[in-house]
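Trainee: Got a sequence here, can you build the structure:
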Amino acid sequence: MEEAIKKAEVLTEALPYIQKYYDRIVVVKMGGSLMDDRDAERQLLRDIVFMNYVGMQPIIIHGGGKEISAAMSEAGLEPHFVEGLRYTDERTLAIAEHVLCTQINKRLVSGLQEFGCNAIGLHSLSSCVLFGERMFLEGEDNRRIDIGFVGKITDVNAQILRLLVQSDTIPVIAPIARDRAGGKLNINADIAAGEVAAALKAEKLVMLSDTHGIRANVKDPSSYFPSLARSQVEQLVREGVITKGMLPKVEACLRALECGVGKTHIIDGRFAHSLLLEIFTDKGVGTEILSQDTPPAK
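Mentor: Model prediction:
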């Protein structure tokens, strides 16, 4: 009986959040070590289906860096990175597109459908919703550094995404964009998630990471910040506390907030139900980033 009462208490705690986010768009970015564990990936898909069934409108953007690297290795290609970004030549782009669109995206869509939800894959081999242009890094003396077919997003087809979620279908987006000439560009999945959330003015953007939110000390999981205002995040970037793989996630969150997204979150997606705990409980389990300097109630 005691266990049943605890379960009932969890459900009643979730009720205000179910009411608050009913018919609201929540963008979820999947990637990292989470996708190395098929059981964890499948559990996350089940949680996203739960969100859909209680009236939320989830949209998924996924990465797949490790699977792309593995496929490149099988093809005899060595990954080459320039200032942390994967250099993408034509062969690398072809492998990335195959892995992202025909393997990962298809797997995620099938998983959602098995749990009883309508889902559709959106990518460069079907209906593409991401459009962009080639990106160059800035070197010394304003010299442009070529990183191949790597792009930045210039436009998101928000209209089709809204139509899909309103028809109770979960869009699953792979981060390959089209340019004006119809060419294809590899896009950082974190940045893509931020741009999608920004274009839709989503209620939330949730970045599923390999770490328990933003930490004061990267090596100490208990040092994570439960809540930060954007000004505090910008200060942590200047101080070098936020670096490397966390930086594009944070940049995506700040971009989304700048464009009117209600709230952004960075959480560890590797443990069970972290997504639901962050959205539907009072305390949450990761770091929420807010536009205000005085964080409001969750």
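Trainee: I'd like to know which elements the helix or strand that contains residue 66 is packed against.
Mentor: Mapping residue 66 onto the secondary structure by DSSP states H and E places it in helix 65-74. Under the contact definition 3 or more Cβ pairs under 8 Å, 6 or more residues apart in numbering; DSSP states H and E, helix 65-74 sits against helix 90-97. In this view, the C-beta of every residue, glycine as well, is placed from N, C-alpha and C.
Trainee: relative to helix 65-74, how tilted is the helix it packs on?
Mentor: For helix 90-97 against helix 65-74, the angle by axes from the mean of the first three to the mean of the last three Cα atoms, to 10 degrees is 130 degrees.
Trainee: So which bits of stretch 178-186 are buried?
Mentor: Using 16 or more other Cβ atoms under 10 Å as the test for burial, stretch 178-186 gives 178, 184-186.
Trainee: buried stuff in the helix holding residue 66?
Mentor: Going by neighbour count (16+ other Cβ under 10 Å), the buried part of helix 65-74 is 65, 67-69, 71-72.
Trainee: Over to stretch 249-264?
Mentor: 249-257, 261-264.
Trainee: need the residues you listed in TSV with pLDDT and secondary structure, can you?
Mentor: Converted to TSV, the buried residues of stretch 249-264 look like this (pLDDT from 0 to 100; DSSP: H, G, I helix; E, B strand; the rest coil):
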residue	pLDDT	secondary structure
249	92	helix
250	92	helix
251	92	helix
252	94	helix
253	95	helix
254	94	helix
255	95	helix
256	96	helix
257	95	helix
261	95	coil
262	88	coil
263	91	strand
264	94	strand
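Trainee: Nearest to residue 12, out of those: which one, please.
Mentor: Closest approach between these and residue 12, by Cβ to Cβ: residue 263, at 22.2 Å.
Trainee: Might you report the residue contacts of the closest one?
Mentor: Residue 263 sits next to 203-205, 288-290 when contact means Cβ atoms under 8 Å, 6 or more residues apart in numbering.
Trainee: The same query, at a cut-off of 10 Å, please.
Mentor: Shown in contact with residue 263 (Cβ atoms under 10 Å, 6 or more residues apart in numbering): 26, 202-206, 227, 253, 256-257, 279, 288-291, 295-296, 298.
Trainee: That one and residue 290, how far apart?
Mentor: Distance check for residue 263 against residue 290: by Cβ to Cβ, to the nearest Å, it reads 6 Å.
Trainee: where does residue 236 land on pLDDT?
Mentor: What the model reports for residue 236 is a pLDDT of 91.
Trainee: so how far is residue 30 from it?
Mentor: Taking Cβ to Cβ as the measure, residue 236 falls 24 Å from residue 30.
Trainee: what distance separates the longest strand along the chain from the centre of its chain?
Mentor: Determined from DSSP state E, the single longest strand within the chain is strand 144-156. Counting by Cα atoms, centre = their mean, to the nearest Å, strand 144-156 is centred 19 Å from the centre of its parent chain.
Trainee: what comes up buried for it?
Mentor: Using 16+ other Cβ under 10 Å as the test for burial, strand 144-156 gives 147-153, 156.
Trainee: Pick the one among those residues closest to residue 22.
Mentor: Ranked by distance to residue 22 (Cβ to Cβ), the buried residues of strand 144-156 are led by residue 156 at 23.8 Å.
Trainee: Just confirm residue 232 contacts residue 289, I think it does.
Mentor: Yes. Residue 232 lies in contact with residue 289 (Cβ atoms under 10 Å); the separation is 8.7 Å.
Trainee: So which of those two has more stuff around it?
Mentor: Ranked by neighbour count (other Cβ atoms under 10 Å), residue 232 and residue 289 place residue 289 first, with 28 against 16.
Trainee: What are the contacting residues of the helix or strand in which the more buried one is found?
Mentor: Take DSSP H and E as the rule and residue 289 turns out to sit in strand 287-290. Residues outside strand 287-290 that contact it (Cβ under 10 Å, 6+ apart): 204-207, 209, 211-215, 224-233, 246, 249-250, 253-254, 256-257, 261-267, 278, 295-296, 298.
Trainee: in the protein, which helix or strand is least confident?
Mentor: One helix or strand of the chain scores below all others by mean pLDDT, DSSP states H and E: strand 85-86, with a mean of 74.
Trainee: What strands line up against that strand, and which way round?
Mentor: According to DSSP bridges, strand 85-86 forms sheet pairs with strand 81-82 (antiparallel).
Trainee: Report the distance from the partner strand to the chain centre.
Mentor: Worked out by Cα atoms, centre = their mean, strand 81-82 lies 22 Å from the chain centre.
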